[in-house]
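In: need a structure here:
(chains A and B)
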Amino acid sequence: MTFEYAPAPESRSVVDIAPAYGLFIDGEFTEAADGRVFKTVSPSTEEVLSEVARAGEADVERAVAAARRAFEGWSALPGSERAKYLFRIARIIQERSRELAVLETLDNGKPIKETRDTDLPLVAAHFFYHAGWADKLEHAGYGHAPRPLGVAAQVIPWNFPLLMLAWKIAPALATGNTVVLKPAETTPLSALFFADVCRQAGLPRGVVNILPGYGDTGAALVAHPGVDKVAFTGSTGVGKEIARTVAGTRKKLTLELGGKGANIVFDDAPVDQAVEGIVSGIFFNQGQVCCAGSRLLVQESVHDEVLDALKRRIATLRLGDPLDKNTDIGAINSAEQLARITALTDQGEAEGAERWTAPCELPSSGYWFAPTVFSGVTQAHTVARDEIFGPVLSVLTFRTPDEAVAKANNTAYGLSAGIWTDKGSRILAMANKLRAGVVWSNTFNKFDPTSPFGGYKESGYGREGGRHGLEAYLDV
Amino acid sequence: MSTTPHVPAAHALTDVTGSDASLRRFLHGLPGVDAVGLEARAAALGTRSIKTTSKAYALDLAISMVDLTTLEGADTPGKVRALGAKAVHPDPTDRTTPATAAVCVYPDMVAVAKEAVAGSGVKVASVATAFPAGRASMAVKIADVREAVAAGADEVDMVIDRGAFLSGRYLKVFEEITAVKDACGDSARLKVIFETGELSTYDNIRRASYLAMLAGADFIKTSTGKVAVNATPANTLLMLQAVRDFRDRTGVQIGVKPAGGIRTAKDAVKFLVLVGETAGTDWLDPHWFRFGASSLLNDLLMQRQKLATGRYSGPDYVTVD
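Out: Here you go, the predicted structure:
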């Protein structure tokens, strides 16, 4: 007998998913005006979880109007009163964290380990943090009484559904704005549960409105003339469209888009911890992370040693049922995303990069992709340039710090980078030269509400989190 | 050296032990350890959920890996005999319970322990080299080892000279270990205790691991159990990485023994997860992994009873020694 882990599934019974959900407008759940609905499935099994109302233009109209009506009262509240609502929301999220973690895992496909230990704690932390700002805005460095913008239209992606909601809604409410938020079409459920959290917290009607739908819903929302602020997290392609839509209007815009983060490993790096950082950099959330360290830049002198250690470590990753507490790699979020990952990796192979796939068995139903490493990659390969948004790592080499900087910056993106070295002075020197919004040193994919997050170049503009993130929601 | 991948055989490392300077160059050339990352990895592995059949397997494996220990000034032949009886039959109510790996005693108790476990397959381990401080002359330390081996010790748990290590006299530490290894001869396996709590940094623990492995240790062991910080998931994880990498480089497999501070079955199972997911399943064997512990065994037994009967028994249903 060997030490194999018996199944350890988190109980599904802690969450009660209704067969159908409406839009959340003006404090009420309501059907779409045209009665359209769509299904949301569990990507690990393809089981239909629920049927959700699909917002159209008329619903956008209603929601923006509700948010506009609510704005007057909400923005007039003393900051300390708004803070009470945010603290209440944060506490309710903590109390319901197990339920929300299971829900998120079901709808998104990511492992329960991640929703339980990363997503949900961070969601609560974002509300707590911004609750703290609500009555201290005059000390944020934006004047003695910075004013909110009005109605914020927020469109979020499917990779961290509830966390991206928190990144958007918490600062908007803390600064006195009201919100119309569109969750992604493949992961609408946690936002609808959040609507229930808002009701539970007694949040005034219309302050938060949730409009599930597809890209057309998002397009109608950001184009609506009643909107004062647009915040989008998602693909660079859609981000560019949104920028064109709002160009020439009064709307303030922040975009958090794609990335092709470089994880730079020097020959004096703490190898075992660097390997852990590389793994979490690219396989956290199946690599469906905008700031993923999808390019490994390793100093040529330690290339073989690092790659061997990396493969050995990747081979221990446990892929399977996302609800199992021992699962490290869950399902890809949708068939569409799986097709994109498959196409890009096929292209990598066709272009001559050497492909290595983790020896793991994929479940027969659902959307799955085994952890994959491309070695022998150069700057010319598609897998080194295009964002794959999946569990696929491209390994490149460098000889000198200058070459590492040049290669790391040689991308249309600029969201994240990692530096692994025992030498503190080199970390500082590199960080100054890397054109990335976040630079991690001897760690990767660490998030905190106090730390601003955002991109350079085609990774977008504006910052979320920290004092800097408040600016996006203030009339300054 | 850290930048030279794939050193193929043991002899590739023998030239590093020629002088203090070459040893220092080698040990300080090992990859550094990032403390935050190491501890985060150990904590992450600590969240593995080990249930049902895998728990039953892990509990029995852990019992079979215990070096059941008594290292008190108040030790008597009676106490050691009781300990030996418990090591052979840990749970008198359930004879399917595996025996522990060994009993661990002071050198003057080896003969008594030997008699208590005779014929059972349970080994007798003896601490030596002026345990726990190690502050004695070389002659005294070697005499200590010889006495234990002559009394029949199957395993010797020596302490390194932490003073020499911390002042950079690596060759002295190396030579002490080789001398003790000689004194052990072919009859006793040698465990080398670092007292990780006194070495203090993870870089030091990695260096001490390589130093001991180069000097011929059969096991590397965290601590004496006599200082404030003993075995932790992080320092054990680090030592497991060292034995894994050492085998990759030299083909020689070395065992690991965390000791002190592991008191619950839950903790023990977490250590087994560290072993399986770091060094690999080759080390999931009492020949290659041990727990230096005394109170741990009773908690393992209570958890084993709980798993078998579905209810908690309580401390009156395991033997107190």
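
In: so which residues of the stretch 1-150 of chain B form helices?
Out: Using DSSP state H, counting those that start in this stretch, the helices of the stretch 1-150 of chain B run over B:11-14, B:20-28, B:35-45, B:52-64, B:77-88, B:110-116, B:138-150.

In: could I get those as JSON lines with distance to A:Gly218, mean pLDDT and mean neighbour count?
Out: Using the backbone N, CA and C atoms, a C-beta is placed for each residue, glycine as well. Formatted as JSON lines, the helices of the stretch 1-150 of chain B follow (distance: least, C-beta to C-beta, whole Å; pLDDT from 0 to 100; neighbours: other C-beta atoms under 10 Å in any protein chain shown):
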{"stretch": "helix B:11-14", "distance to A:Gly218": "61", "mean pLDDT": "68", "mean neighbour count": "13"}
{"stretch": "helix B:20-28", "distance to A:Gly218": "56", "mean pLDDT": "96", "mean neighbour count": "16"}
{"stretch": "helix B:35-45", "distance to A:Gly218": "36", "mean pLDDT": "98", "mean neighbour count": "18"}
{"stretch": "helix B:52-64", "distance to A:Gly218": "46", "mean pLDDT": "97", "mean neighbour count": "21"}
{"stretch": "helix B:77-88", "distance to A:Gly218": "68", "mean pLDDT": "98", "mean neighbour count": "20"}
{"stretch": "helix B:110-116", "distance to A:Gly218": "74", "mean pLDDT": "98", "mean neighbour count": "22"}
{"stretch": "helix B:138-150", "distance to A:Gly218": "75", "mean pLDDT": "98", "mean neighbour count": "18"}
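
In: can you give me the strands for the stretch 301-450 of chain A?
Out: Ranges of strands in the stretch 301-450 of chain A, per DSSP state E, counting those that start in this stretch, are A:354-357, A:372-375, A:392-398, A:416-420, A:438-441.

In: which other helices and strands contact the longest one?
Out: Under the contact definition 3 or more C-beta pairs under 8 Å, 6 or more residues apart in numbering or on different chains; DSSP states H and E, strand A:392-398 sits against helix A:271-283, strand A:295-299, helix A:303-314, helix A:335-350, strand A:372-375, helix A:382-385, helix A:401-409.

In: got the CA positions of it in CSV?
Out: Extracted C-alpha coordinates of strand A:392-398, given in CSV (Å, rounded to 0.1, in the frame of the first residue of the first chain):
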residue,chain,number,x,y,z
VAL,A,392,0.9,26.8,-19.8
LEU,A,393,4.4,28.1,-19.0
SER,A,394,7.0,29.3,-21.6
VAL,A,395,10.6,28.9,-20.6
LEU,A,396,13.2,31.3,-22.0
THR,A,397,16.8,32.0,-20.9
PHE,A,398,19.0,35.0,-20.3
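
In: list the strands paired with that strand, with their directions.
Out: Strand A:392-398 sits in its sheet next to strand A:295-299 (parallel), strand A:372-375 (parallel), going by DSSP bridges.

In: that older thread, which of the strands of the stretch 301-450 of chain A sits most buried?
Out: strand A:416-420 (a mean of 29; mean count of other C-beta atoms under 10 Å in any protein chain shown).

In: partners of it, with directions?
Out: Sheet pairing for strand A:416-420, using DSSP bridges, gives strand A:262-265 (parallel), strand A:438-441 (parallel).

In: quick one: buried residues of the first one?
Out: What it means is strand A:262-265. A:Ala262, A:Asn263, A:Ile264, A:Val265 (16 or more other C-beta atoms under 10 Å in any protein chain shown).

In: now it, how far from the chain's geometric center?
Out: 21 Å (C-alpha atoms, centre = their mean, to the nearest Å).

In: let me see the mean pLDDT of it.
Out: Averaging pLDDT along strand A:262-265 yields 98.

In: thinking again about what came up before, out of the strands paired with strand A:392-398, which is closest to A:His126?
Out: Nearest to A:His126 among the strands paired with strand A:392-398 is strand A:295-299 (28.3 Å), distances taken as C-beta to C-beta.

In: the inter-axis angle of that closest one versus helix A:271-283?
Out: Orientation of strand A:295-299 against helix A:271-283 (axes from the mean of the first three to the mean of the last three C-alpha atoms, to 10 degrees) gives an angle of 160 degrees.

In: now strand A:295-299: how far from the chain's centre is it?
Out: Its chain's C-alpha centre and that of strand A:295-299 lie 24 Å apart, by C-alpha atoms, centre = their mean.

In: could you measure the residue nearest to the spatial centre of chain B against B:Phe291, distance?
Out: Closest to where the C-alpha atoms of chain B average out (C-alpha atoms, centre = their mean) is B:Lys257, at 1.9 Å. Per C-beta to C-beta, to the nearest Å, B:Lys257 is found 7 Å from B:Phe291.

In: which neighbours do these two share?
Out: By C-beta atoms under 8 Å, 6 or more residues apart in numbering or on different chains, B:Lys257 and B:Phe291 have these common neighbours: B:Asp67.

In: tell me the contacts of the closest residue to A:Pro270 other than its chain neighbours?
Out: Among residues not flanking A:Pro270 along the chain, B:Asp34 sits closest, at 4.0 Å (C-beta to C-beta, 6 or more residues apart in numbering or on different chains). For B:Asp34, the contact set (C-beta under 8 Å, 6+ apart) comprises A:Pro270, A:Gln273, A:Asn442, A:Thr443.

In: dump those residues into TSV; add distance to B:Glu277, pLDDT and neighbour count as well.
Out: Below are the contacts of B:Asp34 laid out as TSV (distance: C-beta to C-beta, whole Å; pLDDT from 0 to 100; neighbours: other C-beta atoms under 10 Å in any protein chain shown):
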residue	distance to B:Glu277	pLDDT	neighbour count
A:Pro270	18	97	25
A:Gln273	15	98	24
A:Asn442	22	98	21
A:Thr443	20	98	19
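
In: and which of these is nearest to B:Arg263?
Out: Distances from B:Arg263 to the contacts of B:Asp34, taken by C-beta to C-beta, are shortest for A:Gln273, at 28.2 Å.

In: residues in contact with the closest residue to that closest one other than its chain neighbours?
Out: Nearest in space to A:Gln273, with sequence neighbours left out and distances taken as C-beta to C-beta, 6+ apart, is B:Gly37 at 3.1 Å. Residues counted as contacts of B:Gly37 (C-beta under 8 Å, 6+ apart) are A:Pro270, A:Asp272, A:Gln273, A:Glu276, A:Gly277, A:Asn442, A:Thr443.

In: widest-spaced pair of those?
Out: Top of the distance list for those (C-beta to C-beta): A:Asp272 and A:Thr443, 13.4 Å.

In: what's the distance between the spatially closest residue to A:Ala335 that is not a sequence neighbour and chain B?
Out: Among residues not flanking A:Ala335 along the chain, A:Tyr367 sits closest, at 5.6 Å (C-beta to C-beta, 6+ apart). Distance, A:Tyr367 to chain B, using C-beta to the nearest C-beta, to the nearest Å: 25 Å.

In: next: A:Ala292.
Out: Taking C-beta to the nearest C-beta, one finds A:Ala292 at 18 Å from chain B.
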